[in-house]
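>>> when you get a sec, could you give me coordinates for this:
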Amino acid sequence: MRCLPDGLTGAIMALEGIPDAAVMLHGPGGCRTHHAVLATAVSGKGDDGIEFWEPYYYGYPEVPATFLEEADFINGAYARSVDGLRTVSGRSPSIVVVIDSPGAALIGDDHDSAIAEAGLAGIAFRMREPQASVPATEGCDHALAEVMRFLSPERRSPRPGTVNLIGLSMMDRDWAAARDELCGYLEDMGLEVACCPGAGSDVASLVRSVDSELNVVVCPEQCRELSEWYASMDVPSVASPAGAPVGLDALEAWIRAVADASGRDPSAALDRVRGCRIRLRDKLAGLRYGVLRIRGLTFSVAAPASVARPLAEWLYGYMAMIPEAVSVDPGSDPDQAEALRSFLESKGLGRAWGREPEECGAVLADCVTAVTMASSGMCREGIPITYASLGLDDIIPRPVYGIAGALYILDEVFHGTRGM
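As a prediction, this is how the structure comes out:
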């Protein structure tokens, strides 16, 4: 059984992906520590914390908290909520979101009144549910949808040639590198990326995003509710039928899906992918017999279905690797999950479906699972592909999406088979 982040973590990371937003966690310090350290590690903001040695922050610029104590759970912690909000507002965020920890939610502190008393009406709001009982992707999605409902921007008139990139957040591995590459393909098609909700776009960009012509979906699991909200504002969303842009085949399908929906020419974007294919062909040809060591190598993959499906299909079809165990995370897109199951059945590999990662050649999963299985000798290579983690301290970006993602995965597979 894998240990995956929950919806509370997903919500906090999504909100921290809005650079001028502040997330105040109403709860004990222990509930804050992991989230503050993780958000600081992957946000890319570069704050060293020196200016944040004050109550509610205590050296970490992300996820200030009210640090509830035992008596607060008995007597209530309304005063802490008010004082915390005043401290957070002193840094002039464009929006403040109050989230209860699961335990603090049982206290029932009146955050709406606290927001009014702190003078933050119209700037701050509380999320009604801590999201701790739902998958991380769902918590991420819900938090961003709640922000848009709170901002309640008015759609004036569509701006021709503008799109939003949705379904990508700080929960994703090396999210900024993935965002920049995917935005580059859209720009190659003559599209302007107006907003990337939860992936570095500020509140002003979120407000303007309702005037975009189209949403381009990266990972559907991270933006179902957000897509529905945009649809209510007459902004349609396009998702690739092949799933997220993981592996070169799915990346090409993603580019073509955007081109079909927007009426744009995908040639320049596809040329970049073809160039990568040529470079890979030449590299693999130069390795000669060295390539044979990965043919028939078994692998396990566990991820949201929109990621697991294109990855499994690409490793099987392009690298001749054999799936040993394939499972999809809770909250996975049902259509992508069924397409993945059907693919495995069609190749006579149905036995792999629904099995958690197990001993094999390569394990592609969340960081904890991949690294733990590799260190315990259960696989030759553990490859983290989902969920940002404190264990990922690479300097060279290693996203999962796009060309960079494909090269990262291939590098790791080849490195793991050295000496075979």
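
>>> which residues touch the closest residue to residue 178 other than its chain neighbours?
Nearest non-adjacent residue to residue 178, counting by C-beta to C-beta, 6 or more residues apart in numbering: residue 399, 3.7 Å away. Quick note: C-beta positions are derived from backbone N, CA and C, even for glycine. By C-beta atoms under 8 Å, 6 or more residues apart in numbering, residue 399 lies in contact with 172-175, 177-178, 181, 405, 408.

>>> as JSON lines, those residues with distance to residue 331, pLDDT and secondary structure would be great.
Shown next, in JSON lines, are the contacts of residue 399 (distance: C-beta to C-beta, whole Å; pLDDT from 0 to 100; DSSP: H, G, I helix; E, B strand; the rest coil):
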{"residue": "172", "distance to residue 331": "15", "pLDDT": "93", "secondary structure": "coil"}
{"residue": "173", "distance to residue 331": "18", "pLDDT": "91", "secondary structure": "coil"}
{"residue": "174", "distance to residue 331": "22", "pLDDT": "93", "secondary structure": "coil"}
{"residue": "175", "distance to residue 331": "19", "pLDDT": "94", "secondary structure": "helix"}
{"residue": "177", "distance to residue 331": "25", "pLDDT": "95", "secondary structure": "helix"}
{"residue": "178", "distance to residue 331": "20", "pLDDT": "97", "secondary structure": "helix"}
{"residue": "181", "distance to residue 331": "25", "pLDDT": "98", "secondary structure": "helix"}
{"residue": "405", "distance to residue 331": "21", "pLDDT": "97", "secondary structure": "helix"}
{"residue": "408", "distance to residue 331": "25", "pLDDT": "96", "secondary structure": "helix"}
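
>>> circling back: can you give me phi and psi for the residue nearest to residue 178?
phi -70, psi 170 (degrees, to the nearest 10).

>>> tell me the mean pLDDT for stretch 240-257?
For stretch 240-257, mean pLDDT is 98.

>>> numbering from 362 from now on, please.
Done: numbering now begins at 362, and the last item shifts to stretch 601-618.

>>> partner residues bridging the residue nearest to residue 715 when sequence neighbours are not counted?
Leaving aside its sequence neighbours, residue 715 sits nearest to residue 688 (C-beta to C-beta, 6+ apart; 6.0 Å). Residues in a beta bridge with residue 688, per DSSP bridges, are residue 663.

>>> thinking residue 688 is in contact with residue 716, fair?
Yes: shown here, residue 688 and residue 716 form a contact pair, counting by C-beta atoms under 8 Å, at 6.2 Å.

>>> neighbour-wise, which of the two wins?
Counted by other C-beta atoms under 10 Å, residue 688 and residue 716 do not tie: residue 688 has more neighbours, with 21 against 14.

>>> got the contact list for residue 438?
387, 427, 429, 465, 468, 470.

>>> one more time with 10 Å
Contacts for residue 438 (C-beta atoms under 10 Å, 6 or more residues apart in numbering) come out as 387-388, 427-430, 432, 444-445, 465, 468, 470, 475.

>>> now which of the residues you listed would you call buried?
For these, burial is judged from neighbour counts taken by 16 or more other C-beta atoms under 10 Å, and it is met by 387-388, 427-429, 444-445, 465, 468, 470, 475.

>>> which ones among those residues are found in helices?
444-445, 475 (DSSP state H).

>>> ok, of those, which one's closest to residue 701?
Using C-beta to C-beta, residue 445 comes nearest to residue 701 of these, at 44.3 Å.

>>> residues touching that closest one, list them.
385-387, 416-418, 425-428, 438, 457, 459, 475, 479.

>>> just these now: which is nearest residue 750?
Nearest member of these to residue 750, counting by C-beta to C-beta, is residue 386, at 19.6 Å.

>>> surely that closest one and residue 461 touch.
Yes: contact criterion C-beta atoms under 10 Å: residue 386 and residue 461 qualify, at 7.9 Å.

>>> mutual contacts of those two, please.
Joint contacts of residue 386 and residue 461 (C-beta under 10 Å, 6+ apart) are 369, 392, 427, 429, 491.

>>> residue 640 - how many residues pack around it?
Residue 640: 12 neighbours (other C-beta under 10 Å).

>>> distance check, it against residue 436.
Per C-beta to C-beta, to the nearest Å, residue 640 is found 65 Å from residue 436.

>>> pull the contacting residues for residue 585.
498-499, 502-503, 506, 528, 578, 598, 692, 694.

>>> do that again at 7 Å, thanks
If you count contacts by C-beta atoms under 7 Å, 6 or more residues apart in numbering, residue 585 has them with residue 502.

>>> for residue 698, same thing?
Residue 698 neighbours (C-beta under 7 Å, 6+ apart): 666, 689.

>>> again with the one 3 residues further on
By C-beta under 7 Å, 6+ apart, residue 701 lies in contact with 666, 669-670, 673, 687, 689.

>>> can you lay out the residues you listed as TSV showing neighbour count and distance to residue 523?
Formatted as TSV, the contacts of residue 701 follow (neighbours: other C-beta atoms under 10 Å; distance: C-beta to C-beta, whole Å):
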residue	neighbour count	distance to residue 523
666	27	29
669	28	31
670	32	29
673	26	34
687	29	37
689	24	33
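
>>> where in this protein is pLDDT low?
Along the chain, segments meeting pLDDT under 70 span 362, 406-411, 751-754, 780-781.

>>> who's in contact with the helix of greatest length in it?
The residue-count maximum for a helix in the chain (DSSP H) belongs to helix 628-648. Helix 628-648 has contacts (C-beta under 7 Å, 6+ apart) with 546, 549-550, 609, 612-613, 616, 652, 764.

>>> so which of those residues wins on neighbours?
residue 612 leads those on contacts (other C-beta under 10 Å) with 29 neighbours.

>>> gap between that residue and residue 404?
26 Å.

>>> do the same with residue 698
31 Å.

>>> now residue 456. Nearest residue, chain neighbours left out?
Per C-beta to C-beta, 6+ apart, closest to residue 456 is residue 382, 4.8 Å.

>>> what about the strands in the stretch 662-781 of the chain?
For the stretch 662-781 of the chain, the strands defined by DSSP state E, counting those that start in this stretch cover 683-689, 721-727, 740-747.

>>> residue contacts, the closest residue to residue 452 other than its chain neighbours?
Nearest non-adjacent residue to residue 452, counting by C-beta to C-beta, 6+ apart: residue 383, 6.9 Å away. Neighbour list for residue 383: 449, 452, 454, 457 [criterion: C-beta under 7 Å, 6+ apart].

>>> what's the farthest-apart pair in those?
452 and 457 (9.7 Å).

>>> which of the two has more neighbours?
The neighbour count for residue 452 versus residue 457, taken as other C-beta under 10 Å, is higher for residue 457 (23 against 15).
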